[in-house]
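J.: Predicted model and sequence below, questions to follow.
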Amino acid sequence: MNTSYIDSLKKGAAVVAALWVSGCSFTSTSAPSNPAIRTQTSDTLVETSTDSNTPPSVDNSVNNIAATAQDFQKVTVLQGLEHPWSMAWLPDGDLLVTERPGRLRIVRNGTLDSTPIAGVPEVFAFKQGGLMDVSLHPRFAENRLIYLTYSHGTRDANRTRIARATFDGQALQNLQVIFEVSQAKSGGQHFGSRIVWLPDNTMLVAIGDGGNPPVELEGDLIRKQAQNLSSHLGKIVRLNDDGSAPPDNPFINAENADPVIWSYGHRNIQGLTFDPQTNRLWSTEHGARGGDELNLVKAGENYGWPVVTHSREYSGGEISSERSRPGMIDPRVVWTPATAPSGLAIYRGDRFASWNGDLFAGGLVSRDVRHIELDEAGNVVSQQPIDIGQRVRDVRQGPDGLLYILTDEPDGQLIRLEPVSG
Ligand SMILES: [Ca+2]
């Protein structure tokens, strides 16, 4: 990161309006580390999402622990974004933001350009679907490649796609679809589709299970595809940058398994982040009614859905009587009631020294960001809500070492958390 890069970010910072500022000081208590903390919050949940719920009775052993005191303020950087979904910084400090209805916006020198970027593919914008993730190729400075995920098709037949294009600073050129989910589905639920790059320049992309009952595929509930290794539904897939399967994928030689599959048994991952310092991949996944999960994801593993789950049907009935099973990986955190987690960042920086190595998970229904403190071994030792008061769709660490938040609203905001020196 060079000096001019930081300078341009600071220039952007100078024009923002601080709509509200609220310092927050965490009190400190202690508790033993626990690899699977089940935390109940006192938040009043507002049911505005298809993935909202009321709490069933689950074994909530509350671990009310606080992180090291860290004063910070929340600054509204921008507003007027229509259901923003994801963001990615360009090397010059400008920021790309997707809007779910199908627009790619750009923030130049701190100001939202009124003209969306041309060349975005036509998207199926319905319910949870539309234009979703945006991500830069790790070697963007050389190849100018940008990756987008989006839903494509109709209400009767749609699927998640990944496309890449070169960005010339004004428009996308040479758009190419490099991947699409193997089977079409109906309805507007559970598309995934976060992108994360690994150090070897392969990409991981989360794909949702296709939807809730009564949505079916091949005569059975579509959610069962999460356990079908020949389907992309309910998986994390690992791809080369051109969409092909890397030869060292876990199921590359398995019979009747799709070679791009990295992990399986996922319902709908909406937060995904890779920590290069520990080589750990973290995900947040929606349950139905309760049972949202934080998972530490490893290649080739089964994360259980819908065979084991803490979640219940929206009607209240059991999805499964099993919460855990040998050979399936238990979540590190279960959120009941659901937070509807979306957006996940591992913080690696020095602007918030006490937050280094911690996770920050947005919540659509909880309208907050959960600060999840990890120990060296990756065990969750505490979590604290940072109230945002709006549906949180994405959380990212900016190149300036600050945390940025997108809110999923018709007039969505870009919010920044900044440290306040005591
Ligand atoms: Ca699970």
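T.: Arrived safely, thanks for sending.

J.: What is the neighbour count of Thr98?
T.: 29 (other Cβ atoms under 10 Å). Any C-beta I mention is one placed from the backbone N, CA and C, and that applies to glycine too.

J.: Pretty sure Leu81 is one of the things it touches, is it not?
T.: No - contact criterion Cβ atoms under 8 Å: Thr98 and Leu81 do not qualify, at 9.4 Å.

J.: Find the residues that touch each one of these two.
T.: The overlap between the contact sets of Thr98 and Leu81 (Cβ atoms under 8 Å, 6 or more residues apart in numbering) consists of Arg105.

J.: and the helix or strand encompassing Ile162, what other elements does it pack with?
T.: Using DSSP states H and E, Ile162 sits within strand 158-167. In this structure, strand 158-167 packs against strand 145-153, strand 172-180, with contacts taken as 3 or more Cβ pairs under 8 Å, 6 or more residues apart in numbering; DSSP states H and E.

J.: residues in the stretch 301-422 of the chain within reach of the ion, list them.
T.: Contacts of the stretch 301-422 of the chain with the ion, taken as Cβ under 5 Å from the ion, map to Tyr303, Gly304.

J.: scratch that, the chain
T.: So far as Cβ under 5 Å from the ion goes, the chain lies against the ion at Tyr303, Gly304.

J.: all helices for the chain, in order.
T.: 3-14, 140-143 (DSSP state H).

J.: low-confidence ranges in the stretch 1-150 of the chain?
T.: 1-69 (pLDDT under 70).

J.: Try it again at 80.
T.: By pLDDT under 80, the low-scoring segments of the stretch 1-150 of the chain are 1-70.

J.: need the strands for it, in chain order.
T.: 37-39, 72-81, 84-89, 95-99, 103-108, 111-112, 131-136, 145-153 (DSSP state E, counting those that start in this stretch).

J.: got those as CSV, with distance to Gly169 columns?
T.: Putting these into CSV (distance: least, Cβ to Cβ, whole Å) gives the following:
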stretch, distance to Gly169
strand 37-39, 45
strand 72-81, 20
strand 84-89, 14
strand 95-99, 11
strand 103-108, 9
strand 111-112, 16
strand 131-136, 13
strand 145-153, 11
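
J.: out of those strands, nearest to Glu318?
T.: strand 37-39 (18.0 Å; Cβ to Cβ).

J.: How many residues are close by the nearest residue to Gly357 once chain neighbours are set aside?
T.: Spatial nearest neighbour of Gly357, excluding adjacent residues (Cβ to Cβ, 6 or more residues apart in numbering): Leu374 at 6.1 Å. Around Leu374 there are 21 other residues, counting by other Cβ under 10 Å.

J.: what pLDDT does Leu374 get?
T.: At Leu374, the model reports a pLDDT of 96.

J.: Now do it against Arg194, distance only.
T.: 19 Å (Cβ to Cβ, to the nearest Å).

J.: Ok, Glu313 next?
T.: Distance of Glu313 to Arg194, computed by Cβ to Cβ: 25 Å.

J.: now swap in Ser231 and tell me
T.: 19 Å.

J.: With Met87 instead?
T.: Distance, Met87 to Arg194, by Cβ to Cβ: 12 Å.

J.: How are the strands of the stretch 301-422 of the chain distributed by residue range?
T.: Using DSSP E, counting those that start in this stretch, strands in the stretch 301-422 of the chain cover 333-335, 341-346, 359-363, 368-374, 380-387, 392-397, 403-407, 412-419.

J.: just so I know, which of the ones you listed lies nearest Phe274?
T.: Closest among the strands of the stretch 301-422 of the chain, using Cβ to Cβ: strand 341-346, at 7.5 Å.

J.: Pull the residues that contact that closest one.
T.: Here strand 341-346 makes contact (Cβ under 8 Å, 6+ apart) with 194, 270-275, 280, 282-286, 292, 294, 335, 357-364, 370, 392-397, 403, 405-406, 408.

J.: and with 6 Å instead?
T.: 270-271, 273, 275, 284, 292, 359-364, 393-397 (Cβ atoms under 6 Å, 6 or more residues apart in numbering).

J.: From those, list just the buried residues.
T.: 270-271, 273, 275, 284, 292, 359-364, 393-397 (16 or more other Cβ atoms under 10 Å).

J.: How much space separates the closest residue to Thr166 other than its chain neighbours from the ion?
T.: For Thr166, ignoring the flanking residues on the chain, the nearest one in space by Cβ to Cβ, 6+ apart is Arg144 at 4.5 Å. Distance, Arg144 to the ion, by Cβ to the ion, to the nearest Å: 38 Å.
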